[in-house]
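Student: Need a 3D model of the following:
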Amino acid sequence: MLEFYERVNLMKLDIKKLHEVQYDILVEFDRICKKYGLTYFLAFGTLLGAFRHNGFIPWDDDIDTLMPYEDYLKLMEISSEEWNDPYFLQTCDTDKEYRFCFCKVRNSNTTLITKGLDHIDINQGVDIDIYPLIHLSDDDRERRRQYRRTILYMLLQVNEPPKNHGKIYYYGGKICLTLMPKVLRSKLLDRLKANITSFQNEATEYSYIICGNLEIMYQVLKTAWFAESVNHIFENKFFPVPIGAQEWLKIRYGEKYMDLPPVELQGIKLEQFVKVDLDNPYTKYKGEFYCVKNAKRKDVKNDRWVNYT
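Tutor: A predicted model of the protein is given here:
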């Protein structure tokens, strides 16, 4: 039987090299956005890293970006030929088995297989995340309806019940997916997306982010924070951050976001990784580390790799 999540191999993870690969993806994404006049911002831990470290948080393992929904749609329309090899814009249209509510840019010559995606036949290269920023209705009643539609949209898009939001969401989602005919899902997804984004042409006071996480979805953000961008250093270049970045960071990480967390929390969560290979394409591992049938998977303790310096 194959054994997954080999701790010995993962403990040798070169986080600095991973950061280099991710940074190169960000540079390519930035090039495309500049060429087509698209707005985007550094987001979440990447934004925090820009302010606190002028680059990566030393133990961070990904890059997050955010786009106003209109620019997000324009990004989807750009021809795949515009992306330099080996970069690949991963969406539900360009990668048919991909089911997330946001898109990614992948380096197809690398491997970063994560738990939860290892059963899907998709591009499994090192990636950066691109999330859509959606206008939120100013009417409380309509806003609650928008949230409910968003939850249903995420459920149907991912096609799996949520596992980290309690039993009610899990079993409710499971029943919904079981009872709903598959032929109706595509039409309903289109209708839900249209309803969710119906306030884009309105100057609403607040916005929210669709990323598959309910906690983040319910964090109400002021639209004015993202009305403009300013450049901020991130590693070796300047990248755009929202004009209200520091207000957002306080909402997301607390008033003392510039303070370092305790040493014991400064590390990589090993449990999410299945296979990391920064020198070989993910296709090398199909049938071994992803898309494996009847394989016995080895459980991993929630350890952190802290030797990142």
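Student: just for this structure, where's the confidence low?
Tutor: Counting by pLDDT under 70, the chain contains low-confidence residues at 1-12, 164-166, 294-309.
Student: what do you get if the cut-off is 80, keeping everything else the same?
Tutor: 1-13, 159-179, 181-183, 268-271, 293-309 (pLDDT under 80).
Student: Where is the longest strand in it?
Tutor: Ordering each strand of the chain by length in residues (DSSP state E) puts strand 126-136 first.
Student: Let's see the very next helix or strand once past that one as PDB, backbone CA atoms only.
Tutor: Remark: after strand 126-136, the chain's next helix or strand is helix 140-158, criterion DSSP states H and E. The C-alpha trace of helix 140-158 is given here as PDB (Å, rounded to 0.1, in the frame of the first residue of the first chain):
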ATOM      1  CA  ASP A 140     -29.800  44.300   5.500                       C
ATOM      2  CA  ARG A 141     -32.600  42.000   4.300                       C
ATOM      3  CA  GLU A 142     -31.100  41.800   0.800                       C
ATOM      4  CA  ARG A 143     -27.600  41.300   2.300                       C
ATOM      5  CA  ARG A 144     -28.800  38.200   4.200                       C
ATOM      6  CA  ARG A 145     -30.300  36.800   1.000                       C
ATOM      7  CA  GLN A 146     -27.000  37.500  -0.800                       C
ATOM      8  CA  TYR A 147     -25.100  35.600   1.900                       C
ATOM      9  CA  ARG A 148     -27.500  32.600   1.700                       C
ATOM     10  CA  ARG A 149     -27.100  32.500  -2.100                       C
ATOM     11  CA  THR A 150     -23.400  32.700  -1.700                       C
ATOM     12  CA  ILE A 151     -23.400  29.700   0.700                       C
ATOM     13  CA  LEU A 152     -25.500  27.700  -1.800                       C
ATOM     14  CA  TYR A 153     -23.300  28.800  -4.700                       C
ATOM     15  CA  MET A 154     -20.100  27.700  -2.900                       C
ATOM     16  CA  LEU A 155     -21.700  24.300  -2.000                       C
ATOM     17  CA  LEU A 156     -22.700  23.600  -5.600                       C
ATOM     18  CA  GLN A 157     -19.500  24.800  -7.100                       C
ATOM     19  CA  VAL A 158     -17.200  22.800  -4.800                       C
END
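Student: buried stuff in helix 140-158?
Tutor: Within helix 140-158, the residues that qualify as buried are 143, 146-147, 149-157, counting by 16 or more other CB atoms under 10 Å. Using the backbone N, CA and C atoms, a C-beta is placed for each residue, glycine as well.
Student: Serialize those residues to TSV and add fields for distance to Pro240.
Tutor: Listed next are the buried residues of helix 140-158 as TSV, based on distance: CB to CB, whole Å:
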residue	distance to Pro240
Arg143	28
Gln146	27
Tyr147	28
Arg149	30
Thr150	26
Ile151	30
Leu152	32
Tyr153	28
Met154	27
Leu155	32
Leu156	32
Gln157	27
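Student: Just the closest of those to Gln246, please.
Tutor: When the buried residues of helix 140-158 are compared for distance to Gln246 (CB to CB), Arg143 wins out at 25.2 Å.
Student: Might you report the residue contacts of the residue positioned nearest the centre of the chain?
Tutor: By CA atoms, centre = their mean, the chain has its centre lying nearest to Asp129, at 3.9 Å. Shown in contact with Asp129 (CB atoms under 8 Å, 6 or more residues apart in numbering): 62-65, 102, 104, 211.
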